[in-house]
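K.L.:
below is the sequence, then the predicted model.
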Amino acid sequence: MKKINLAITGCLGRMGQQLIKSAIKDKNFKLLVITENKKIDKKISGIKPGVNSEAEFKKVDVIIDFTIPRCTFEILKIASKLKKKVIIGTTGFTKKQESLIKVYSKKIPILKAGNMSLGVNLLMYLTEIASASLGKKFLSKILEIHHKHKKDYPSGTALMLARGIAQGRGGNFYSLYGKKFFNKKKFPFGKKINFNSIRKGKIIGEHEVIFSSGKEIITLNHEAFDRALYSEGALSAAKWLVKKKPGLYSMRDLMNF
């Protein structure tokens with residue numbers, strides 16, 4: 001099998017470093033390019049980092065991006081011109097930015113997921129089923145916990161799960177978006193989906209979807225112990241996307257839900 005020529009952006013970030021480790025171990029890939037938003041003199045895993053440019057990405061098949069929205073759109077602009085496939089693990093996009101990603105996906109294949117874990121994407125599917133089955137008599141809320149360095153909240157995964165609730169209800173995600181709470185021990189249910197985000201220690205990721213009728217509570221949860229599950233999920237996505245035509249895909253497409 002021909003190896004997939006790979007580029008990883010944000011090589012100094014936590015996910016960037018984990019992606020590099022996983023890509024080097026995976027025989028399906030040849031890691032050609034790693035980039036950062038500034039020039040770096042030292043090599044990382046034998047590769048000299050570059051900056052996002054047409055010259056850097058010219059020879060790669062797939063670009064994996066776990067950075068920030070501004071950087072992601074810089075990459076999409078280049079990838080669109082070069083007809084390269086892109087995996088987006090970046091979170092924190094606005095509604096307008098989400099629409100712009102759809103525009104780019106008409107030119108190139110893009111797989112975007114707020115979480116690359118196969119388990120989390122299964123949880124989203126189960127959340128949708130639970131929401132549809134329980135109906136509007138059950139209120140719902142989402143708790144997410146991450147390490148103290150994570151800046152955006154609610155997390156991309158929490159928003160994914162909220163979309164699952166909305167889809168199950170047959171409603172619009174934005175119309176069901178409720179209140180955001182930060183570092184609260186307790187937070188209320190509401191007519192809309194409320195979120196509580198906790199930032200502490202070195203926690204990789206914990207997510208909990210809670211449904212309540214007032215007479216009973218149903219909880220669906222996922223806990224991550226190793227960051228490698230995200231990088232391995234992203235690499236699985238890259239293997240899958242390399243054969244696809246332009247379009248906007250998700251991990252659910254990959255898992256055939």
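P.N.:
Here it is on my side, so go on. Residues are numbered from 1 along each chain as shown.
K.L.:
would you map the helices across the chain?
P.N.:
14-25, 54-57, 69-82, 95-104, 118-134, 156-169, 228-241, 251-255 (DSSP state H).
K.L.:
same for the first one, what does it pack against?
P.N.:
Here helix 14-25 is seen to pack against strand 4-8, strand 29-34, helix 228-241 when contacts are counted using 3 or more C-beta pairs under 8 Å, 6 or more residues apart in numbering; DSSP states H and E. To be clear about C-beta, it is placed using only N, CA and C from the backbone, and glycine gets the same treatment.
K.L.:
just these: most buried one?
P.N.:
Highest mean neighbour count among these (mean count of other C-beta atoms under 10 Å): strand 4-8, with a mean of 24.
K.L.:
walk me through the domains of the chain.
P.N.:
Split into domains by automatic domain parsing, the chain comes to 4-112+228-255, 118-224.
K.L.:
what's the first-to-last distance across the longest one?
P.N.:
Right, domain 4-112+228-255. Start-to-end span of domain 4-112+228-255 (C-alpha to C-alpha, to the nearest Å) is 20 Å.
K.L.:
ditto for stretch 27-45
P.N.:
Start-to-end, stretch 27-45 (C-alpha to C-alpha) is 16 Å.
K.L.:
show residues contacting that stretch.
P.N.:
Applying C-beta atoms under 8 Å, 6 or more residues apart in numbering, the external contacts of stretch 27-45 come out as 1, 3-12, 16-17, 20-21, 23-24, 47-52, 56-57, 59-60, 67, 71, 235, 238-239.
K.L.:
PyMOL command to pick out the buried ones of those residues?
P.N.:
Buried residues among the contacts of stretch 27-45 (16 or more other C-beta atoms under 10 Å), as a PyMOL selection:
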select buried, resi 4+5+6+7+8+9+10+11+16+17+20+23+49+50+52+56+57+60+67+71+235+238
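K.L.:
nearest residue to the middle of the chain?
P.N.:
residue 114 (2.4 Å; C-alpha atoms, centre = their mean).
K.L.:
OK, contacts around that one?
P.N.:
Neighbour list for residue 114: 89, 91, 155, 156, 157, 159, 160 [criterion: C-beta under 8 Å, 6+ apart].
K.L.:
for the helix or strand bottoming out on mean pLDDT in the chain, could you pull out the residues that count as buried?
P.N.:
Least confident helix or strand, the chain: helix 251-255 with a mean of 91, by mean pLDDT, DSSP states H and E. Buried residues in helix 251-255, counted by 16+ other C-beta under 10 Å: 251, 252, 253, 254.
K.L.:
leaving out chain neighbours, which residue sits closest to residue 223?
P.N.:
Ranked by C-beta to C-beta, 6 or more residues apart in numbering and with sequence neighbours excluded, the top spatial neighbour of residue 223 is residue 206, at 4.9 Å.
K.L.:
the one you found against residue 200, yeah?
P.N.:
No. Look at residue 206 against residue 200 with C-beta atoms under 8 Å: they stay out of range, at 10.6 Å.
K.L.:
so which of those two has more stuff around it?
P.N.:
Taking other C-beta atoms under 10 Å, residue 206 and residue 200 do not tie; residue 206 has more neighbours (16 against 10).
K.L.:
what about the more buried one, distance to residue 43?
P.N.:
Residue 206 is 35 Å from residue 43, where distance means C-beta to C-beta, to the nearest Å.
K.L.:
repeat for residue 19
P.N.:
Counting by C-beta to C-beta, the gap from residue 19 to residue 43 is 16 Å.
K.L.:
who's more crowded, the two?
P.N.:
A direct count of neighbours by other C-beta under 10 Å for residue 19 and residue 43 places residue 19 higher, at 32 against 10.
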